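**Q** Just a sequence and a predicted model for now, questions to come.
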Amino acid sequence: MSTVWLNGALVEAEHAHITITDRGFLLADGLFETMLATQGHIQQLDEHLARLVAGAAVLRMPVPFDAAVLGRACEDVLVATGLRTADRASLRLTLTRGSGPRGVLPPKDAHTTVLITASNMPAPPDAMTAITCKTIRRDAASPLSAIKSLAYTGNILARLEAEDAGVSEALILNTDGNLAETTSSNVFLVEDGALVTPPVSDGALPGISRAGVIEQALALGIPVKEQTVTPDRLHSAIEIFLTNSLIGICPLTALDGHTLPVGALTERLIEAMEL
């Protein structure tokens, strides 16, 4: 039986109830963060909680618990689920605006729902393959492109397109036809010994691992450019890798049917990030 943290208390999952009028369920009115815990250490917890608070501010949604309480709650869930000593565990913190009347306009006295769950996490793949998504485009001008909103339908459709093509991921372009990110990861290219990644202004999520990779690369003396990536530029890259909190750095070994090598710079960063 699994244990979760719901609105301030640990509760067995089978007894955890969220009202059918919760706006997260009805309208995707909420946010989430996914975090990796390794033997009880929650990677970049402060950064994840700061992004949650920033996203809540965009949605004008109150966060009913401070970072210290939420951090302890995450640790309590790991202990209660027996994952405190696991090599890899995934924590998900979900925040919704809570229950509300019918209609789009949020209630003025919203009582938010906060749910934290944990599960065992297998080792990440050694590499992934991808296509460029044809059916979904990211609206880089929307404030939703820069927060971890629950509104993931576009990402789901893009991942289904990848599944139909027999690959791991789909690279999503923005409405200008330039690279934004994948369905769940940021994207880095290697060009002439430098890293290139789409800027947030092109629809890339300000990923926690993305920031960590940029920091590590600069510490190693590797130039980093946050620049618009056109499809031509994407397909001429000599190395491509993906990043998120659960996979770390994962090389892309095929894109749109063309094979890519796992290059020396990618391997150097993987080794550095594991130290």
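**A** Sure thing, it's come through.

**Q** Longest strand in the protein, by number of residues?
**A** Longest strand in the chain by number of residues, with DSSP state E as the criterion: strand 128-138.

**Q** Quick check: the spatially closest residue to Pro64 that is not a sequence neighbour vs Ala146, distance?
**A** Using Cβ to Cβ, 6 or more residues apart in numbering and skipping residues adjacent in sequence, the residue nearest Pro64 is Thr112, 5.4 Å away. Where you see a C-beta, it was placed from the backbone N, CA and C, and this is true even at glycine. As defined by Cβ to Cβ, to the nearest Å, Thr112 lies at a distance of 20 Å from Ala146.

**Q** Tell me which of the two has more neighbours.
**A** Of the pair Thr112 and Ala146, Thr112 is the one with more neighbours under other Cβ atoms under 10 Å, namely 21 against 18.

**Q** list the contacts for that one?
**A** Thr112 makes contacts with Met61, Pro62, Val63, Pro64, Leu95, Thr96, Arg97, Gly98, as judged by Cβ atoms under 8 Å, 6 or more residues apart in numbering.

**Q** try 7 Å
**A** Met61, Pro62, Pro64, Leu95, Thr96, Arg97, Gly98 (Cβ atoms under 7 Å, 6 or more residues apart in numbering).

**Q** again, but for Cys250
**A** Residues counted as contacts of Cys250 (Cβ under 7 Å, 6+ apart) are Pro124, Pro125, Ala127, Met128, Phe241, Leu242.

**Q** Name the member of these with the most neighbours.
**A** Among the contacts of Cys250, Phe241 has the most neighbours (other Cβ under 10 Å), with 30 neighbours.

**Q** correct me, but that residue touches Ile249?
**A** Yes: at 5.3 Å, Phe241 counts as touching Ile249 under the criterion of Cβ atoms under 7 Å.

**Q** overlap in contacts of those two?
**A** When Cβ under 7 Å, 6+ apart defines a contact, the residues bordering Phe241 and Ile249 alike are Thr266.

**Q** how near is the residue nearest to Pro64 to Leu78?
**A** From Thr112 to Leu78 the distance is 23 Å (Cβ to Cβ).

**Q** What segments of the stretch 1-150 of the chain are strands?
**A** For the stretch 1-150 of the chain, the strands defined by DSSP state E, counting those that start in this stretch cover 3-6, 9-12, 30-38, 41-42, 89-96, 113-120, 128-138.

**Q** How about the stretch 151-275 of the chain?
**A** 169-174, 179-182, 186-191, 194-197, 224-226, 239-244, 248-255, 258-259.

**Q** Of those, which stretch is the most buried?
**A** strand 179-182 (a mean of 26; mean count of other Cβ atoms under 10 Å).

**Q** If you count neighbours, what's buried in the longest strand of the chain?
**A** Of the residues in strand 128-138, Met128, Thr129, Ala130, Ile131, Thr132, Cys133, Ile136, Arg137, Arg138 count as buried by neighbour count, 16 or more other Cβ atoms under 10 Å.

**Q** Next, the contact list for the fifth one, please.
**A** Pointing back at Thr132 there. Leu171, Leu173, Pro231, Asp256.

**Q** The residues you listed into a markdown table, with extra columns for pLDDT and distance to Leu220?
**A** Formatted as a markdown table, the contacts of Thr132 follow (pLDDT from 0 to 100; distance: Cβ to Cβ, whole Å):
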| residue | pLDDT | distance to Leu220 |
| --- | --- | --- |
| Leu171 | 98 | 26 |
| Leu173 | 98 | 30 |
| Pro231 | 97 | 29 |
| Asp256 | 98 | 30 |
